[in-house]
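**Q** What follows is a predicted protein model with its sequence.
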Number of protein chains: 2
Amino acid sequence: MKDRKAEILELATELIQTKGYSAFSYQDLSDRLGIRKASIHHHYPTKEDLGKAVLAHYMERAKKNLQVVAQTSDDPWQRLDGFFELVRGTQQEGDRICCIGSVYAALTVVPQEIGETASHLAQFIVSWLSEVLGDGKKEGSMAFNGKPEAQALAVFCAMQGALQMDRAESGGILDSVMGQVRENLSV
Amino acid sequence: MKDRKAEILELATELIQTKGYSAFSYQDLSDRLGIRKASIHHHYPTKEDLGKAVLAHYMERAKKNLQVVAQTSDDPWQRLDGFFELVRGTQQEGDRICCIGSVYAALTVVPQEIGETASHLAQFIVSWLSEVLGDGKKEGSMAFNGKPEAQALAVFCAMQGALQMDRAESGGILDSVMGQVRENLSV
DNA sequence: GTCTATAGCGGGATAGAC
DNA sequence: GTCTATCCCGCTATAGAC
């Protein structure tokens, strides 16, 4: 255990994605890490501090991942696939939903700054997707009615919903929705 | 106040849709209804009892609403619009998300039966939508790649995500996503 | 940096009077 | 059906020893 603070942050992220912000507790962290609650308060004085740190780190990591995908290829379809792989990665980490969706679902009971960070990240992702879909339409490899911004928003919302629903249904909801999104963009 | 039990059920539904299952409490109900917590326990002994009742009633009402829409018109586009109006109704009742989405987001901390009821209702809605989209494709008024079932699932997930995101962003996220769904079904 | 101990609050739930 | 009173628990958070 070299970096306790990072370890706590990582586990808190997992708990927010699985149990939700309201339901996860310092006791959960204590049990899983094998240290006392007070020790966790030493690293993150309040739950709000910890929550803010989780979202800030989550945002940073997500932005970085998307930038890597964008740099890997210019092809819109490959960039979309890269995005899908990131989403699938979230799910395969074990019954997690997206941090944004978790915060959105509890928006009225979450500290304001946490909601705003989630919102900021959502806008970033939608904007990133808009560029991918816009490029695809321009070069003719993708085809759809309406503006790229609206389509990107719809795709983002579908991913959020699919991640949540995938946990409840045994069948591959996420796969199916990703497949349909592809169909809706095909020439 | 003729029917206290129904009144409690209604308010509990609202609280689950706004605060989420974990965060809403008998104290919340007590404050809003002006009666003591113990009186609420008289009608619904445990929180799980109340939660089950909320979901059972929500499911019943949603099924009835969809059946009414289906009986009102045979036209697929009109039926889709009827569905959209129901979704919009949920949102316009004041910062609510769909009960299903609320339960899905907290699936790991919600009593099993509640999760199963949410799942059952979700399947019903997706099935209902499949018929609408299937009919539209058959008669030629709607056009899209892939199977109606997969498209219906994607539309459902997009609606869940849009309802959640709409609360966080001031702009009409829900309107935009509904508009794009229409575009994706247009000939 | 981690511990013990404890404070203070709010949660779900019950008993029993009215 | 509603009330007062109470129980026990888990939560967030702090103080202070090691």
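**A** Looks like it arrived, so ask away.

**Q** Tell me the confidence at the residue most central in space within chain A?
**A** The centroid of chain A falls nearest to A:Cys98 when counting by C-alpha atoms, centre = their mean (3.6 Å). pLDDT recorded at A:Cys98 is 98.

**Q** Is it correct that it is in contact with A:Gln17?
**A** Yes: assessed by C-beta atoms under 8 Å, A:Cys98 is found in contact with A:Gln17 at 7.3 Å. Just so you know, the C-beta spots here come from the backbone N, C-alpha and C atoms, and that holds for glycine as well.

**Q** anything in contact with each of the two?
**A** A:Thr90 (C-beta atoms under 8 Å, 6 or more residues apart in numbering or on different chains).

**Q** Against which helices or strands is the longest helix along chain A packed?
**A** In chain A, with assignment by DSSP state H, the single longest helix is helix A:112-139. Packing partners of helix A:112-139 (3 or more C-beta pairs under 8 Å, 6 or more residues apart in numbering or on different chains; DSSP states H and E): helix A:47-72, helix A:76-92, helix A:99-105, helix A:148-168, helix B:148-168.

**Q** quick one: buried residues of it?
**A** A:114-115, A:117-119, A:121-122, A:125-126, A:128-130, A:132-137 (16 or more other C-beta atoms under 10 Å in any protein chain shown).

**Q** What mean pLDDT does it get?
**A** Here the average pLDDT along helix A:112-139 is 98.

**Q** Low-confidence stretches in chain A?
**A** Residue ranges of chain A with pLDDT under 70: A:1-2.

**Q** what does it put close to DNA strand C?
**A** A:1, A:4-5, A:34-39, A:42-43 (C-beta under 7 Å from any atom of the strand).

**Q** try 10 Å
**A** Within chain A, the positions near DNA strand C by C-beta under 10 Å from any atom of the strand are A:1-5, A:7-8, A:30, A:33-43.

**Q** Of these, which are in range of DNA strand D?
**A** Within these, those near DNA strand D by C-beta under 10 Å from any atom of the strand are A:30, A:36-42.

**Q** Looking at the residues you listed, state which has the most neighbours.
**A** A:Ile40 (22 neighbours; other C-beta atoms under 10 Å in any protein chain shown).

**Q** Test my guess that that one contacts A:Ile8.
**A** Yes: look at A:Ile40 against A:Ile8 with C-beta under 8 Å: they come within range, at 6.0 Å.

**Q** Between these two, which contacts overlap?
**A** With C-beta under 8 Å, 6+ apart as the test, A:Ile40 and A:Ile8 both reach A:29, A:33, A:50.

**Q** interface residues of chain A facing DNA strand D?
**A** Within chain A, the residues that sit near DNA strand D (C-beta under 10 Å from any atom of the strand) are A:19, A:21-31, A:36-42, A:44-51, A:111.

**Q** at 6 Å instead, please
**A** Residues of chain A lying close to DNA strand D by C-beta under 6 Å from any atom of the strand are A:25-27, A:37-38, A:41, A:45-48.

**Q** contacting residues for the residue nearest to A:Gly115 when sequence neighbours are not counted?
**A** Closest residue to A:Gly115 apart from its sequence neighbours, by C-beta to C-beta, 6 or more residues apart in numbering or on different chains: A:Leu107 at 5.3 Å. Going by C-beta under 8 Å, 6+ apart, A:Leu107 touches A:115, B:164, B:167-168.

**Q** How about A:Met59?
**A** A:117, A:120-121, A:124.

**Q** Could you point out which of those is nearest to DNA strand D?
**A** The nearest member of the contacts of A:Met59 to DNA strand D, counting by C-beta to the nearest atom of the strand, is A:Thr117 at 17.9 Å.

**Q** ok, that closest one touching A:His57?
**A** No: applying C-beta under 8 Å, one finds A:Thr117 not in contact with A:His57, separated by 10.2 Å.

**Q** Thank you, goodbye.
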